[in-house]
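Colleague: Here's a sequence, model it:
(one chain, ligands or ions: 1)
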Amino acid sequence: MKLIALLFSSFCILHSSFSAPPNIVVIVADDLGYADVTFHPQHPKEIVTPNLDSLAKAGVICRQGYVTGHVCSPTRAGLMLGRYQQRLGFYTGGEAGSGVPMNEKLFPQYLKPAGYATGQFGKWHLGPDLAWSPALRGFDEVFGFLGRGAHDYFKLDDPNDPIYRGTEVVKETGYLTDRLGEETAAFMTKHKAEPFFAYLAFNAVHAPLQAPEDEIAKFNTGNKDRDARLAMGKRMDDAIGRVMTALKDGGVWENTLLFFISDNGGPLAQSADNSPLRGGKHTDYEGGIRVPFLICWPAQLKPGEWQSPVTSLDILPTALAAAGVKVAATSVAGDSAKAETTLDGINLLPLLKGETAPASRDLFWCSGSDEGWWAVRSGDWKLVGEKDKLGLFDLSKDVSEANDLAKQMPEKVAELTKLHDAWLVEMAKPVKAGEKRYNMAAPAEKKPKKMTKEEKKKARDMERAKKRQPETPEAPKA
Ligand SMILES: [Ca+2]
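Modeller: The predicted model follows:
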């Protein structure tokens, strides 16, 4: 009898822990190459990511996982908003990085009313200074940096590029990637008895390429940049291992829904590897927008691989469905008032559980007329524009976008362009300058000229002066 009672009570504990709202964890790597993880079958032999590998084995590997842009800040805006960042006029890194309006509802603000403890760790890049701090937008606990897209990995006490705890500047020591892992793990341990949302937004493996010397010495590819990048990736993998250990030691691993993505593709100029994809960061070819993408929820999702397209916009609706938070989950074409309160992604859980079959999806990218990149994927077809260049690809046969079918299939080009046009109608004008999309048909003298480095700097300086804010520290462009 005692045994039956014991069995029954342990069943109840299991049952209640599984039906309790899960913890939500979103881990974002920065500029990580599509092939620079060992769960990618074509990874280069020098890659070492054992913790990401064990996460991949416990979860679902999304082989066609996308982000909503080809640089840091726009995709992070899309992720936090759960909506195409272009709805707010964010097409370039400078636009989203200059501040997401304070009246916009962000990811943690959906979860807090449902009783979640919320923490943000690392890079924010959605506003240059304290006025836009994540601590003012739904995150109870914050440890990280504001400013632009990059931070020195060793200099953690620089008053010109501070590390914040909440809204207070703190002087830190150590290696930044290690510190982010430690702080996230501590947050999880502290809140293990309640549901929590942790947003761990690494700046690794973004420039500057810095890692402890002994870590770099473990690699010997003959390319110093590559060695540093690999060492940074290894350290990020260690930090993810620390987080996984905290979840397991806290007894909450099973009921934690964890997402892992990179914020954009790997930069080829810094020897990232996006094989077999074409291009990298700063392009709308697959190498710029298709990223390593994992979803893990041991209590609910069977491990495996998922071959249909998913996007970082799906993360918020999926998390909210898991947490039992209700919101409308589709955008409303042409109705901007409704679009403001709805999400653009879909809840992936019924798909991943095999309860519904995947439907054909349309996904969109656009970085405004000045940059000139735009793309649309519909089913297996993808149209990519770069100023006056257009390419049409069948991704089911040509994942490397090597065989341009635009000239052979003008009707398909017209069909996809029309789809992109219709999407663009719903989006806002760029907040800074230019038109929503580059106009191939415009006469040459009306087309935006590419700004020189000096002109870009002048424009940035003028913008800063306008804001009458203290100057934000100079950091590599992201
Ligand atoms: Ca990035």
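
Colleague: For the ion, give me its nearest residue in the protein.
Modeller: C72 (3.5 Å; Cβ to the ion). For every residue, glycine as well, the C-beta is placed using N, CA and C.

Colleague: State the pLDDT value of that residue.
Modeller: According to the prediction, C72 has pLDDT 95.

Colleague: can you map out the helices along the stretch 1-150 of the chain?
Modeller: Secondary structure of the stretch 1-150 of the chain by DSSP state H, counting those that start in this stretch: the helices cover 2-19, 50-58, 72-81, 93-97, 107-111.

Colleague: residue contacts, the residue of the chain closest to the ion?
Modeller: Shown in contact with C72 (Cβ atoms under 8 Å, 6 or more residues apart in numbering): D30, D31, G93, G97, K123, H125, G149, H206, D263, N264, A478.

Colleague: and the two most separated of those residues?
Modeller: Using Cβ to Cβ, the two most remote members of the contacts of C72 are D31 and G97, lying 15.0 Å apart.

Colleague: Closest one of the contacts of C72 to W365?
Modeller: N264 (10.8 Å).

Colleague: Up against the ion, what does the stretch 151-300 of the chain have?
Modeller: When proximity is defined by Cβ under 5 Å from the ion, the stretch 151-300 of the chain lies next to the ion at D263, N264.

Colleague: ranges for the strands of the stretch 151-300 of the chain?
Modeller: In the stretch 151-300 of the chain, the segments counted as strands under DSSP state E, counting those that start in this stretch are 163-165, 168-170, 196-201, 256-262, 293-296.

Colleague: what residues does the third one touch?
Modeller: Contacts to strand 196-201, defined as Cβ under 8 Å, 6+ apart, come from residues 23-28, 30, 76, 107-108, 111, 116-124, 134, 139, 144, 180-181, 184, 187-188, 243, 263, 319.

Colleague: and if you look at the second one?
Modeller: Contact partners of strand 168-170, identified using Cβ under 8 Å, 6+ apart, comprise P159, P162, I163, Y164.

Colleague: hmm, which of these are the buried ones?
Modeller: Among the contacts of strand 168-170, those scoring as buried are P162, I163, Y164 (criterion: 16 or more other Cβ atoms under 10 Å).

Colleague: ok, now which ones touch the second one?
Modeller: I163 is in contact with F143, G144, F145, H151, L156, D157, V169, V170, K171, E172, counting by Cβ under 8 Å, 6+ apart.

Colleague: so it bridges to which residues?
Modeller: Beta-bridge pairing of I163 under DSSP bridges involves V170.

Colleague: Let's see the pLDDT reported for it.
Modeller: Looking at I163, its pLDDT is 97.

Colleague: Columns distance to C62 on top of the strands of the stretch 151-300 of the chain, output as a markdown table?
Modeller: Shown next, in a markdown table, are the strands of the stretch 151-300 of the chain (distance: least, Cβ to Cβ, whole Å):
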| stretch | distance to C62 |
| --- | --- |
| strand 163-165 | 32 |
| strand 168-170 | 36 |
| strand 196-201 | 19 |
| strand 256-262 | 9 |
| strand 293-296 | 4 |
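
Colleague: So for E371, which of those sits nearest?
Modeller: Taking these one by one with Cβ to Cβ, strand 256-262 is closest: 20.0 Å.

Colleague: what's next to the closest one, contact-wise?
Modeller: With Cβ under 8 Å, 6+ apart as the test, strand 256-262 has contacts from 22-34, 52, 55, 59, 65, 67, 240, 247, 291-298, 300, 312, 315, 318-319, 322.

Colleague: change it to 7 Å
Modeller: For strand 256-262, the external contacting residues (Cβ atoms under 7 Å, 6 or more residues apart in numbering) are 22-29, 31-32, 52, 55, 65, 67, 247, 291-297, 312, 315, 319, 322.

Colleague: One more: stretch 343-353?
Modeller: 60, 82-84, 295, 301, 306, 310-311, 313-314, 316-318, 321-322, 327, 329, 331, 356, 358.

Colleague: In contact with F139: list those residues for me.
Modeller: P108, T118, G119, Q120.

Colleague: Now with 10 Å, please.
Modeller: Residues counted as contacts of F139 (Cβ atoms under 10 Å, 6 or more residues apart in numbering) are 106-109, 112, 117-121, 124, 133, 166, 197-199.

Colleague: now those: which count as buried?
Modeller: 106-108, 117-121, 124, 133, 197-199.

Colleague: want to throw those residues into TSV with pLDDT and distance to N220?
Modeller: Formatted as TSV, the buried ones among the contacts of F139 follow (pLDDT from 0 to 100; distance: Cβ to Cβ, whole Å):
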residue	pLDDT	distance to N220
L106	96	43
F107	97	41
P108	98	42
A117	98	43
T118	98	42
G119	98	37
Q120	98	36
F121	98	32
W124	97	35
S133	97	41
F197	98	40
A198	98	35
Y199	98	35
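
Colleague: Could you work out the most separated pair of the residues you listed?
Modeller: Once Cβ to Cβ is applied, the buried ones among the contacts of F139 give A117 and W124 as the farthest pair, at 18.6 Å.

Colleague: quick check: angle from the lengthiest helix in the chain to strand 256-262?
Modeller: Criterion DSSP state H: the longest helix present in the chain is helix 224-249. Per axes from the mean of the first three to the mean of the last three Cα atoms, to 10 degrees, the angle that helix 224-249 makes with strand 256-262 is 170 degrees.

Colleague: Helix 224-249: which residues count as buried?
Modeller: 226-247.

Colleague: chain center to that helix, what's the gap?
Modeller: 17 Å (Cα atoms, centre = their mean, to the nearest Å).

Colleague: Leaving out chain neighbours, which residue sits closest to A406?
Modeller: L392 (4.1 Å; Cβ to Cβ, 6 or more residues apart in numbering).

Colleague: same thing with K218?
Modeller: Closest to K218 by Cβ to Cβ, 6+ apart is A231, at 6.8 Å.

Colleague: what's the one you found in contact with, if anything?
Modeller: Contacts of A231 (Cβ under 10 Å, 6+ apart): 48, 204-205, 209-219.

Colleague: rerun that using 8 Å as the cut-off
Modeller: A211, P212, E215, I216, K218, F219.

Colleague: Out of the residues you listed, who's the most crowded?
Modeller: Most neighbours among the contacts of A231, by other Cβ atoms under 10 Å: A211, with 26 neighbours.

Colleague: wait, that residue sits on L176?
Modeller: No - under the criterion of Cβ atoms under 8 Å, A211 makes no contact with L176, lying 10.4 Å away.

Colleague: Return every residue with contacts to both of those two.
Modeller: The contact sets of A211 and L176 overlap at Y153 (Cβ under 8 Å, 6+ apart).

Colleague: returning to what we had before: from the contacts of A231, pick the one nearest P410.
Modeller: Nearest to P410, judged by Cβ to Cβ, of these is F219 at 47.9 Å.

Colleague: contacting residues around the closest one?
Modeller: The contact partners of F219, taken as Cβ under 8 Å, 6+ apart, are E46, R226, D227, L230, A231.
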